[in-house]
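> got a sequence here, can you build the structure:
(4 chains)
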2 protein chains.
Amino acid sequence: MTNTPTLEDVAARAGVSTATVSRCLNAPEKVIEPTRARVMAAVEALGYAPNFSARALAAKRTQTIGAVIPTMENAIFAEGLQAFQERLGEAGYMLLVASSSYDPAREAEAIRALVARGAEGLLLIGHDRDPAVIEFLATQSVPALVAWAHDAARPSIGFDNRAAMAALAARALDLGHRRIGVISAPRAGNDRARARVEGVRAAAGAAGLNPDDIPVIEAPYGIEAGGEAFDRLMETAAPSLVICGNDVLAAGALKRARDWRLSVPRDVSITGFDGIELSRLVTPALTTVHVPHRAMGVAAAEALMAACAGEGELASLCLKTEISDGETLAPPR
Amino acid sequence: MTNTPTLEDVAARAGVSTATVSRCLNAPEKVIEPTRARVMAAVEALGYAPNFSARALAAKRTQTIGAVIPTMENAIFAEGLQAFQERLGEAGYMLLVASSSYDPAREAEAIRALVARGAEGLLLIGHDRDPAVIEFLATQSVPALVAWAHDAARPSIGFDNRAAMAALAARALDLGHRRIGVISAPRAGNDRARARVEGVRAAAGAAGLNPDDIPVIEAPYGIEAGGEAFDRLMETAAPSLVICGNDVLAAGALKRARDWRLSVPRDVSITGFDGIELSRLVTPALTTVHVPHRAMGVAAAEALMAACAGEGELASLCLKTEISDGETLAPPR
DNA sequence: GTGAAAGCGCTAACAG
DNA sequence: CTGTTAGCGCTTTCAC
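Numbering: from 1, shown residues only, chains lettered A, B, ... in the order given. Here you go, the predicted structure:
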């Protein structure tokens, strides 16, 4: 059992003090060349790797940012998160990821775990959250930025879910759709899902429909669920347009439409939201709302790093979304 | 600026020593009820959260396991990783994820970062890796388990990429295909990709073909790349069967086949590998090799936790894969 | 059952 | 430019 080498071992081998070794690693310019060479040689020889916990404890900075996402399984967050982490990596920050499985209690737990592990800042998804968690973050003075949603009043970087969905719904209404059904992710604890449904309602109201007449089926996350929700919707309301809260649900609905031998968009139109790669792969390609995932990830990384460095407060940024024309939306028969 | 409360603050407020507070948190049974209640009340009141770095430094255990994956963007790893993390979470372990962007240097960096951050064990993808990294892990005595690949000689939990692909290719050869083309992920530094191509070659050889006649196009990761590789293959070899190294490439090829106005599988058969959700969503559904992602993730978590707890060494486990019948493989015209 | 005290490995003044 | 010296917040013997 080889004991992992410590700073002291390196110092001894190089014949210097631990402070000098520390400087070599953290501020090489403060050490004269020959000494540094000797130290580096010792580092190499011993295979020394600094103990992060000790460093964090002593220096009170970790160069680490945490993110809690609902799930890693679903591509909705993957693209943005990858961009987020790439930007972080370029700047020498490390990303810690935890997933909450869409469970608020797990999310709170993950947030605590990340903060305890030295996350200097946090990326969170959506605004719905126990106030106790917000307060915890405040007392710990850990900057937290919400993504995938926008709210001028709270630090967030994302887009206007309600307006984006309303625009899509308005487009469909213009085409003449009047029997509309909605498949939404569970709205409890999910402000984005709620906002999207609200968007549909608003557009319907503006078009002279009664928003309360629009059936909304909630489907837990996953493709299968999207399919089952589609079944229920067709059995009860037989809409000419099915608006889905995200691309994954839409893909499930689209698949199920095939099982029903319905032609999309001739027999029924289906729309998605998010504009992930999947939306372009299914046949026909989904008409959906394209979200600037990468831009959001990069901007979030930069904002959070600035906040961690004490360079100004976290602000809110609202990115533009656009309707991505696919082949699943057409006028009703 | 509220200073984050420390153990000492809690101790002071509860009128006990820091040792007692520590015991309340780590071994409650060692503290008598009334004291514990007082301590817990103080913890609540102060919103105390233990400093993980300090704990790690003092206790030399972190209950943390790290994973380095090539990318988060691509669903190939998402499902297994999610299962991995869920199992870890149940047992009170935390997962740290880093991604390497398929770059060996970044992977090495991520491995060091995770170890420095106290990862007691590591999940890695595939066997191709600079020996220096292996040695580093050995000197740090950090157990590392390779997943998505199998090798009886090195701790790994996965499947036989070569045999699995060979079985799929054999099935296609039985159907009468003789003009075969392969779209593979870049094989340099990717033993899984190499093994899969080898599998095709082996099956072809067994069927009396000359393995060297089979064109192999390497496509970087991503759907687009799969499509472009398909173009090149069709232009040069016009195979009756395109075997793809993974489902993402296959989805790209399938999409491109539509652009070519080729009917799949009538004009050309296309197969995938991995059996991710995507394979069932595209139209027609991909014929692919189904990999037990969740089982692999769970087994990897258990093996790694056992190794971290010193309960035995890491072993190798070979999981079974099976051909998943879709609608993209049929006899050639 | 609880407290006192000695570190864990590293950084950061402060001297020299 | 380099060494000395305190801690950072927590766990863990060893006494009481």
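> now the strands for chain A?
Secondary structure of chain A by DSSP state E: the strands cover A:64-69, A:94-99, A:121-125, A:144-147, A:156-159, A:180-184, A:216-218, A:241-244, A:269-271, A:288-290, A:317-319, A:322-324.
> against DNA strand D, how distant is A:I323?
A:I323 is 50 Å from DNA strand D, where distance means Cβ to the nearest atom of the strand, to the nearest Å. Any C-beta I mention is one placed from the backbone N, CA and C, and that applies to glycine too.
> thought that residue was touching A:R171?
Yes. A:I323 is within contact range of A:R171, at 6.2 Å (criterion: Cβ atoms under 8 Å).
> looking at the strands of chain A, which is nearest to chain B?
strand A:94-99 (4.5 Å; Cβ to the nearest Cβ).
> and the closest one with strand B:94-99, angle?
Using axes from the mean of the first three to the mean of the last three Cα atoms, to 10 degrees, the direction of strand A:94-99 lies 120 degrees away from that of strand B:94-99.
> just checking, A:G275 touches A:D247?
Yes. A:G275 is in contact with A:D247 according to Cβ under 8 Å; the separation is 7.0 Å.
> now do the shared contacts for these two.
Common neighbours of A:G275 and A:D247 are listed as A:T288 (criterion: Cβ atoms under 8 Å, 6 or more residues apart in numbering or on different chains).
> quick one: which of the two has more around it?
More neighbours surround A:D247 than the other of A:G275 and A:D247, with 29 against 24 (other Cβ atoms under 10 Å in any protein chain shown).
> wouldn't the more buried one be in contact with A:I276 here?
Yes. The pair A:D247 / A:I276 is scored as a contact, 5.1 Å apart, by Cβ under 8 Å.
> now do the shared contacts for the two.
Residues touching both A:D247 and A:I276 (Cβ under 8 Å, 6+ apart): A:I76.
> how close does A:G275 get to A:A250?
Distance, A:G275 to A:A250, by Cβ to Cβ, to the nearest Å: 11 Å.
> weakest of the strands of chain A in terms of mean pLDDT?
The minimum mean pLDDT among these belongs to strand A:94-99 (a mean of 86).
> and the residue nearest the centre of chain A, what does it touch?
Geometric centre of chain A, nearest residue: A:F77, 4.4 Å, by Cα atoms, centre = their mean. Taking Cβ under 8 Å, 6+ apart, we find A:F77 in contact with A:69-71, A:125, A:148.
> so how do I select the buried members of those residues in ChimeraX?
Buried residues within the contacts of A:F77, by 16 or more other Cβ atoms under 10 Å in any protein chain shown, are selected in ChimeraX with:
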select /A:69,70,71,125,148
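> widest-spaced pair of the contacts of A:F77?
Among these, the pair separated by the greatest distance (Cβ to Cβ) is A:T71 and A:W148, at 12.7 Å.
> list the residue ranges of the stretch 101-250 of chain A that fall below the pLDDT cut-off.
Applying pLDDT under 70 to the stretch 101-250 of chain A picks out no residues at all.
> what's the closest non-adjacent residue to the residue in the stretch 151-300 of chain A positioned nearest to chain B?
Nearest to chain B in the stretch 151-300 of chain A, going by Cβ to the nearest Cβ, is A:T283, at a distance of 4.0 Å. In this structure, A:T283 finds its nearest non-sequential neighbour in B:T283, 4.0 Å apart by Cβ to Cβ, 6 or more residues apart in numbering or on different chains.
> so what pLDDT did that neighbour get?
Note on B:T283: pLDDT of 89.
> the one 4 residues further on now?
Residue-level confidence at B:T287 comes out at 98, pLDDT.
> gap between it and chain A?
According to Cβ to the nearest Cβ, to the nearest Å, B:T287 and chain A sit 16 Å apart.
> so what's that residue up against?
If you count contacts by Cβ under 8 Å, 6+ apart, B:T287 has them with B:168, B:269-272, B:323-329.
> which among those residues end up buried?
Using 16+ other Cβ under 10 Å as the burial test, the contacts of B:T287 include B:168, B:269-272, B:323-324, B:326, B:328-329 as buried.
> from memory the residue of the stretch 151-300 of chain A closest to chain B sits against B:R258, does it?
Yes. Counting by Cβ under 8 Å, A:T283 does reach B:R258; the two are 7.2 Å apart.
> higher neighbour count, these two?
Set A:T283 next to B:R258 and count neighbours by other Cβ under 10 Å: A:T283 wins out with 17 against 13.
> how close does that one get to DNA strand D?
Counting by Cβ to the nearest atom of the strand, the gap from A:T283 to DNA strand D is 55 Å.
> repeat for A:R192
Distance, A:R192 to DNA strand D, using Cβ to the nearest atom of the strand: 35 Å.
> then A:R261?
Between A:R261 and DNA strand D the computed distance is 61 Å (Cβ to the nearest atom of the strand).
> DNA strand C contacts on the stretch 1-150 of chain A?
Neighbours of DNA strand C within the stretch 1-150 of chain A, by Cβ under 7 Å from any atom of the strand: A:3-4, A:6-8, A:18-19, A:22, A:25-26, A:48, A:50-51, A:54-55, A:57-59, A:61.
> any of the residues you listed buried? List them.
Neighbour counting by 16+ other Cβ under 10 Å classes A:4, A:6-7, A:22, A:25, A:48, A:50-51, A:54-55, A:57 among these as buried.
> show me which of these is closest to DNA strand D.
Proximity to DNA strand D was ranked across those by Cβ to the nearest atom of the strand; first place goes to A:L57, at 3.7 Å.
> show the pLDDT at that closest one.
If you check A:L57, the pLDDT there is 89.
> what's near enough to touch it?
B:51, B:53-54, B:57.
> do A:E73 as well
Per Cβ under 8 Å, 6+ apart, neighbours of A:E73: B:75, B:78-79, B:82.
> mind listing which of the residues you listed are in helices?
Members of the contacts of A:E73 lying in helices (criterion: DSSP state H): B:75, B:78-79, B:82.
> can I get the residues you listed in CSV with neighbour count and pLDDT?
Shown next, in CSV, are the ones in helices among the contacts of A:E73 (neighbours: other Cβ atoms under 10 Å in any protein chain shown; pLDDT from 0 to 100):
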residue, neighbour count, pLDDT
B:A75, 24, 81
B:A78, 23, 89
B:E79, 22, 88
B:Q82, 20, 91
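> of the residues you listed, which is the nearest to DNA strand D?
Set against DNA strand D, the nearest of the ones in helices among the contacts of A:E73 by Cβ to the nearest atom of the strand is B:Q82 (28.9 Å).
> thought B:V298 was touching the closest one, still the case?
No. Between B:Q82 and B:V298 there is no contact under Cβ under 8 Å: 10.5 Å.
> so what's in contact with these two at the same time?
In contact with both B:Q82 and B:V298: no residue, using Cβ under 8 Å, 6+ apart.
> and chain A, which residues reach DNA strand D?
Contact residues, chain A versus DNA strand D (Cβ under 7 Å from any atom of the strand): A:15-20, A:23, A:30-32, A:34-36, A:54, A:57-58.
> farthest-apart pair in those, please.
Using Cβ to Cβ, the two most remote members of the residues of chain A next to DNA strand D are A:P34 and A:L57, lying 31.2 Å apart.
> is chain B contacted by stretch A:213-228?
Yes. For stretch A:213-228, a contact with chain B is found by Cβ under 8 Å from any Cβ of the partner chain, at A:I223.
> first to last residue in that stretch, what's the distance?
21 Å (Cα to Cα, to the nearest Å).
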